[in-house]
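In: what follows is a predicted protein model with its sequence.
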Amino acid sequence: MGFMDFLRGQLIEVIEWLDEKGQLVHRFPAYDNAIKMGAKLIVRESQVAIFVNEGKLADIYGPGTYTLTTQNMPVLTALNSWKHGFTSPFKADVYFVNMSNYTDLKWGTTNPILLRDADFGMVRLRGFGNYSFRVGNADIFMTDIFGTKKEFTTDGITGHLKSMIVSSITDIIGESKTPAVELASSYEEFGELAVQRLQPRFEAIGLILSSLTIENLSLPDEVEKMIDRRTSMGALGNLDNYMKFQTAEAIRDVANNPGGGAVGTGAGLGAGMAFGQMMGQMMQPNNVGQQPSQQQPVQQQPQQPAPPAQPSTTEGQACTNSSCNHILQPNEKFCVECGAPRPQKRFCTQCGHEMNANAKFCSECGTPT
């Protein structure tokens with residue numbers, strides 16, 4: 001088996017690589033790292049081929065087809081001091097670097113971000129989104145990140161990139177001091193600022209941050225419930241008018257439910273009294289068209305002198321003589337003005353209600369006298 005591999009190493013004619021999903025760097029599997037002079041090198045679009053000789057980066061090839069000779073391999077030729085072209089194999093590592101854009105990579109906060117909010121105080125914020133990047137400088141990436149591995153995928157670097165992204169977004173949100181209820185309106189601005197800040201750090205390792213998107217910044221459930229309650233209160237508008245409307249609705253419901261019993265009757269009476277008080281306050285001149293918080297203070301009016309007392313008619317009964325207006329005292333059996341006898345108390349034979357002396361019908365039940 002080893003001998004067959006050796007023969008295949010001597011007969012290699014084409015050096016190429018078909019991109020694989022998620023793979024950034026691939027080393028060409030030449031037997032004993034021996035590549036035949038005169039072989040064909042095929043570099044596809046969005047690829048770069050790099051020759052490494054004894055741990056040093058030598059020649060770099062962009063997209064195209066090349067015949068490996070001493071003329072188009074100047075660095076590798078100089079490193080090996082080849083003065084004459086020959087067809088014997090030479091030893092070198094060939095790496096293909098994928099320069100295409102890697103999209104839809106996810107980032108998210110592992111732990112909540114603690115921030116200070118003007119409305120809710122200290123809040124914990126979580127966020128997630130996606131980003132895309134590509135290799136911008138193959139030399140720097142191979143030297144600082146790749147090393148001497150056989151292959152390199154996005155899984156080997158996304159953890160590091162995610163930490164950089166979360167750290168930058170945390171700083172941006174904290175410095176902006178944007179209220180928690182207004183974060184959703186700033187996702188795009190935060191993403192653009194994050195790209196500007198992160199680009200130099202990406203370029204330092206040979207990468208380019210193509211885009212970054214913030215999909216969501218979420219608050220704890222307790223804070224979201226508080227926001228929902230505040231939104232509900234705002235939707236009600238004028239709370240004073242809303243309470244009056246609710247009271248009127250309650251009175252209507254009680255009136256439409258006559259079978260509610262004593263409890264329902266008591267609730268209806270209470271609601272009616274409350275509604276009457278509110279209507280009385282609303283009809284006061286100083287309160288018309290004003291909110292409770294906007295009512296003007298009631299000015300003190302100067303006290304007027306009390307009117308003279310009028311003679312009371314509750315001490316006795318009126319004389320039965322229609323032409324006499326004398327009021328009989330409790331101890332008078334006859335009118336001292338006209339001599340008419342004192343009227344006797346009369347009671348309804350049907351309901352027992354006390355009636356006036358001249359009444360023809362009971363004022364309580366209508367029974368004729």
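Out: Sure, I can see it. Residues are numbered from 1 along each chain as shown.

In: what number of residues lie near Gln344?
Out: 8 (other Cβ atoms under 10 Å). Glycine gets a C-beta too; all of them are placed from N, C-alpha and C.

In: tell me the predicted confidence for it.
Out: Gln344 carries a pLDDT score of 71 in this model.

In: ok, residues contacting stretch 173-190?
Out: Here stretch 173-190 makes contact (Cβ atoms under 8 Å, 6 or more residues apart in numbering) with 113, 115, 117-120, 123, 125, 169, 172, 213-215, 217, 219, 223, 227.

In: put the alpha carbons of the strand or helix carrying Phe96 into CSV.
Out: Using DSSP states H and E, Phe96 maps to strand 93-98. Provided in CSV are the C-alpha atoms of strand 93-98 (Å, rounded to 0.1, in the frame of the first residue of the first chain):
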residue,chain,number,x,y,z
ASP,A,93,2.5,21.8,1.5
VAL,A,94,-0.3,23.2,-0.6
TYR,A,95,-3.2,24.8,1.2
PHE,A,96,-6.5,26.0,-0.3
VAL,A,97,-8.1,28.9,1.5
ASN,A,98,-11.8,29.5,0.9
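
In: residues in contact with the following helix or strand past it?
Out: Counting by DSSP H and E, the next helix or strand C-terminal to strand 93-98 is strand 102-108. Strand 102-108 has contacts (Cβ under 8 Å, 6+ apart) with 22, 24, 126-134, 154, 158, 161-162, 165-166, 210, 212.

In: pLDDT score for Ser312?
Out: pLDDT at Ser312 comes out at 40.

In: same check on the one 10 residues further on?
Out: Per-residue confidence for Ser322 comes out at a pLDDT of 71.

In: isn't there a strand covering it?
Out: No: according to DSSP: H, G, I helix; E, B strand; the rest coil, Ser322 belongs to no strand; its state is coil.

In: what sits against Gln199?
Out: Gln199 sits next to Ile208, Leu209 when contact means Cβ under 8 Å, 6+ apart.

In: what of the one 3 residues further on?
Out: Counting by Cβ under 8 Å, 6+ apart, Phe202 makes contact with Phe133, Gly136, Leu161, Met164, Ile208, Leu209.

In: out of the contacts of strand 102-108, which are inside strands?
Out: Leu24, Arg126, Gly127, Phe128, Gly129, Asn130, Tyr131, Ser132, Phe133, Arg134, Ser210, Leu212 (DSSP state E).

In: next up, the contacts around Leu24.
Out: By Cβ under 8 Å, 6+ apart, the neighbours of Leu24 are Val97, Asn98, Tyr102, Val135, Phe141, Phe146, Phe152, Thr153, Thr154, Gly156, Ile157.

In: reformat those as CSV; add distance to Glu332, pLDDT and neighbour count.
Out: Below are the contacts of Leu24 laid out as CSV (distance: Cβ to Cβ, whole Å; pLDDT from 0 to 100; neighbours: other Cβ atoms under 10 Å):
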residue, distance to Glu332, pLDDT, neighbour count
Val97, 129, 91, 24
Asn98, 125, 92, 24
Tyr102, 117, 91, 19
Val135, 123, 92, 24
Phe141, 125, 88, 22
Phe146, 128, 70, 21
Phe152, 125, 79, 22
Thr153, 122, 83, 16
Thr154, 118, 85, 15
Gly156, 121, 84, 15
Ile157, 118, 88, 18
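
In: can you redo these as JSON lines with distance to Gly366?
Out: Shown next, in JSON lines, are those (distance: Cβ to Cβ, whole Å):
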{"residue": "Val97", "distance to Gly366": "110"}
{"residue": "Asn98", "distance to Gly366": "106"}
{"residue": "Tyr102", "distance to Gly366": "98"}
{"residue": "Val135", "distance to Gly366": "105"}
{"residue": "Phe141", "distance to Gly366": "108"}
{"residue": "Phe146", "distance to Gly366": "110"}
{"residue": "Phe152", "distance to Gly366": "107"}
{"residue": "Thr153", "distance to Gly366": "102"}
{"residue": "Thr154", "distance to Gly366": "99"}
{"residue": "Gly156", "distance to Gly366": "103"}
{"residue": "Ile157", "distance to Gly366": "101"}
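
In: check which helices and strands the strand holding Phe96 sits against.
Out: Applying 3 or more Cβ pairs under 8 Å, 6 or more residues apart in numbering; DSSP states H and E, one finds that strand 93-98 contacts strand 23-27, strand 47-53.

In: and Cys365, which of those is closest to it?
Out: strand 23-27 (103.7 Å; Cβ to Cβ).

In: quick one: low-confidence residue ranges for the protein.
Out: 1-12, 30-33, 81-88, 147-150, 230-242, 245-246, 254-255, 258-316, 357 (pLDDT under 70).

In: how about the helices in it?
Out: Using DSSP state H, the helices found in the chain span residues 2-10, 74-80, 138-141, 158-176, 187-203, 221-236, 239-255, 261-283.

In: from the contact counts, what lies against the second one?
Out: Taking 3+ Cβ pairs under 8 Å, 6+ apart as the contact definition, the neighbouring helices and strands of helix 74-80 are strand 47-53, strand 56-61.
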